[in-house]
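S.K.: show me the folded form of this:
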Amino acid sequence: MQFKSLQDKLDKLGNPAEFLRDVPVGAYQYPVQSEFTNWRDEHRSWREDVGLLDQSLHMTDLYVEGPDLLRLLSEVGINTFKNYSRNKGKQLVCCNHDGKLIGDMILFGLEDLKVNIVGRPVVANWIQFHCETGGYDVHYERDERLVNNPQPRKTYRFELQGPKAWPLLEKLNGGPLEKPGFFKMGEIQIAGRRIRALGHSFAGAPGLEFWGPWEERDEVRNAIIEAGKEFNLRLVGGRAYGICAAEAGWIPSPLQAIYTGESMRAYREWLPATSFEANASIGGSFVSKQIEDYYFSPWDLDYGRIINFDHDFIGRAALERVKDEPHRQKVSLEWHPDDVLAVQSSILHGNDNGKFMEMPNAHYAAHPYDMVVKGNELVGISTYPTYLPADHQWVSLATLDKAVAEFGNEVTVIWGEPDGGSSKPGVERHVQKTIRATIRPWPYAKQAQGYRTM
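M.R.: Have a look, this model is predicted:
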């Protein structure tokens, strides 16, 4: 069956909570070499030495510039844009008209009236829609991730992180390097190239994220590898890279709240049926026939702290109405080793096997939603279960009812899908299992506690 748009798909297939559970699409794809050595040591690199993460291939880049740039960003973003300008990074968080999350991306202030918006495609799509339909005096250029783009990227993007990252960066720079503040931008010289860089510390370790023209990528990368030999530099592949989100406490893909509401119809009609949103799979033990039950509020993911009512923005009225109500809290969950082992050993014994736990990332859908219960009561949602080799620990991120979200409390995660599993190709027949989990702070990594994306 052919579809013209997301709205056309909804009109023909009906309930998105049902067809998204069975779409033949798995977890978000990382078009990055899986491993360079092994993902266990690659994860330890940014804890113990230094790791080079290649972010050039898997994210959407949307360049937007023009006189109405700040008005556009202010009207779609829940956070303030007063005093935002060149050489500043920012996390842009967007909601629908009912105050439910669409998603987030990172802004790079290239000039006072030019930004690069980087991340998963959801927010880029939302902003592009407003660029085209909102009457703003801006223009945009889109550079798709490798999965959707056979052409070379516009830029490369690297990140060096770890306890030895700064000595390596200064060696590459040929001398002392001024550290930009968190989410502030500066410059570094590598292989004779002046390169813009962002002060970014996803796991609490020192480091920089930096980028430049694609045609300079190999020259810069080779210089980093050569200089990094004395610092035990490791190249980080796609499997280890997937650990970052769980470790740093970032939920990268809340289900975008776009499938319902007349106010979102024009957007659904604009979104092609081939878009990420029209094919983004839902997986896990939490199942509802109401797609709204999968939506999050900003407070659910700890974005309530960045809501600023100093400007008019999409969703403001709805958020103001509920700002003083109880909200769920984001936490880390530390999974009980014996229960994890019971799931893993079950695949060796008869027909009582649990859902296979891929390592290091056991999320098999674009939007993983697992039930968290206390006794027989649903108290929240667990997402992105991940094994952290440096901690010898399985963890997940969760958003829990405030009444139970106390550090040290024990809850239970329901692992696996009901009724033997959905028809997604990545889901084998299995039975649900229970896994005890202890509530811990986020970020889980101790060196990163205190880190918050701005």
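S.K.: quick one: average confidence on the helix or strand where Arg157 lies?
M.R.: Assigning secondary structure by DSSP states H and E places Arg157 in strand 155-161. Per-residue pLDDT over strand 155-161 has a mean of 96.
S.K.: low-scoring stretches of the stretch 301-450 of the chain, by residue?
M.R.: Judged by pLDDT under 70, the stretch 301-450 of the chain has its weakly predicted residues at 447-450.
S.K.: where do the helices sit along it?
M.R.: For the stretch 301-450 of the chain, the helices defined by DSSP state H, counting those that start in this stretch occupy 316-322, 337-346.
S.K.: follow-up on the earlier one: which residues touch the strand holding Arg157?
M.R.: 46, 50-56, 59, 61, 118, 143, 168-169, 200-203, 205-214, 216-217, 220-221, 224 (CB atoms under 8 Å, 6 or more residues apart in numbering). Just so you know, the C-beta spots here come from the backbone N, C-alpha and C atoms, and that holds for glycine as well.
S.K.: re the thing from before, let's have the helices of the stretch 301-450 of the chain in CSV, adding distance to Thr386 and mean neighbour count.
M.R.: Output for the helices of the stretch 301-450 of the chain, formatted as CSV (distance: least, CB to CB, whole Å; neighbours: other CB atoms under 10 Å):
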stretch, distance to Thr386, mean neighbour count
helix 316-322, 30, 14
helix 337-346, 12, 15
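S.K.: and the helices in the stretch 101-250 of the chain?
M.R.: For the stretch 101-250 of the chain, the helices defined by DSSP H, counting those that start in this stretch occupy 121-133, 165-173, 217-227, 238-241, 244-248.
S.K.: tell me which of these sits nearest to Gly99.
M.R.: When the helices of the stretch 101-250 of the chain are compared by CB to CB, helix 121-133 sits nearest Gly99, at 14.8 Å.
S.K.: just the CA trace of the closest one, in CSV.
M.R.: Provided in CSV are the C-alpha atoms of helix 121-133 (Å, rounded to 0.1, in the frame of the first residue of the first chain):
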residue,chain,number,x,y,z
PRO,A,121,15.7,14.2,12.4
VAL,A,122,12.5,14.8,14.4
VAL,A,123,13.1,18.4,15.5
ALA,A,124,14.8,19.2,12.2
ASN,A,125,11.6,18.2,10.4
TRP,A,126,9.5,20.3,12.7
ILE,A,127,11.7,23.4,12.2
GLN,A,128,11.9,22.9,8.4
PHE,A,129,8.1,22.8,8.4
HIS,A,130,7.9,26.1,10.1
CYS,A,131,10.6,27.6,7.8
GLU,A,132,8.4,26.7,4.8
THR,A,133,5.0,27.5,6.2
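S.K.: list the contacts of it.
M.R.: Helix 121-133 has contacts (CB under 8 Å, 6+ apart) with 60-62, 64, 72, 75-76, 92, 94, 102-105, 117, 136, 138-140, 142, 144-145, 253, 256, 266-267, 270-271, 275-277.
S.K.: hmm, try it at 6 Å
M.R.: Residues outside helix 121-133 that contact it (CB atoms under 6 Å, 6 or more residues apart in numbering) are 60, 62, 76, 94, 102-103, 105, 117, 138, 140, 256, 267, 270, 276.
S.K.: how about the nearest residue to Met1, chain neighbours excluded?
M.R.: Ranked by CB to CB, 6 or more residues apart in numbering and with sequence neighbours excluded, the top spatial neighbour of Met1 is Lys12, at 6.6 Å.
S.K.: how about the one you found, phi and psi?
M.R.: For Lys12, the backbone dihedrals (degrees, to the nearest 10) come out as phi -90, psi -30.
S.K.: rewinding a little: can you list the helices of the stretch 101-250 of the chain in a markdown table and add mean neighbour count, mean pLDDT and distance to Asp338?
M.R.: As requested, these are exported to a markdown table (neighbours: other CB atoms under 10 Å; pLDDT from 0 to 100; distance: least, CB to CB, whole Å):
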| stretch | mean neighbour count | mean pLDDT | distance to Asp338 |
| --- | --- | --- | --- |
| helix 121-133 | 20 | 98 | 37 |
| helix 165-173 | 19 | 97 | 37 |
| helix 217-227 | 16 | 98 | 42 |
| helix 238-241 | 24 | 94 | 25 |
| helix 244-248 | 23 | 91 | 21 |
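S.K.: out of these, which is closest to Asn38?
M.R.: Nearest of the helices of the stretch 101-250 of the chain to Asn38, taken as CB to CB: helix 238-241 at 8.7 Å.
S.K.: by contact count, what packs against that closest one?
M.R.: Helices and strands touching helix 238-241, by 3 or more CB pairs under 6 Å, 6 or more residues apart in numbering; DSSP states H and E, are helix 39-48.
S.K.: continuing past the helix it packs on, what's the next helix or strand?
M.R.: strand 50-54.
S.K.: angle of that next one against strand 155-161?
M.R.: With axes from the mean of the first three to the mean of the last three CA atoms, to 10 degrees defining the directions, strand 50-54 sits at 160 degrees from strand 155-161.
S.K.: got the angle for strand 50-54 vs helix 39-48?
M.R.: Counting by the same axes, to 10 degrees, strand 50-54 lies at 120 degrees to helix 39-48.
S.K.: avg pLDDT for the helix or strand that strand 50-54 is followed by?
M.R.: Note on strand 50-54: by DSSP H and E, the next helix or strand toward the C-terminus is strand 60-65. The average pLDDT within strand 60-65 is 97.
S.K.: got the angle between the next helix or strand after strand 60-65 and helix 121-133?
M.R.: Toward the C-terminus, strand 60-65 is succeeded by helix 69-76 as the next helix or strand (DSSP H and E). Orientation of helix 69-76 against helix 121-133 (the same axes, to 10 degrees) gives an angle of 120 degrees.
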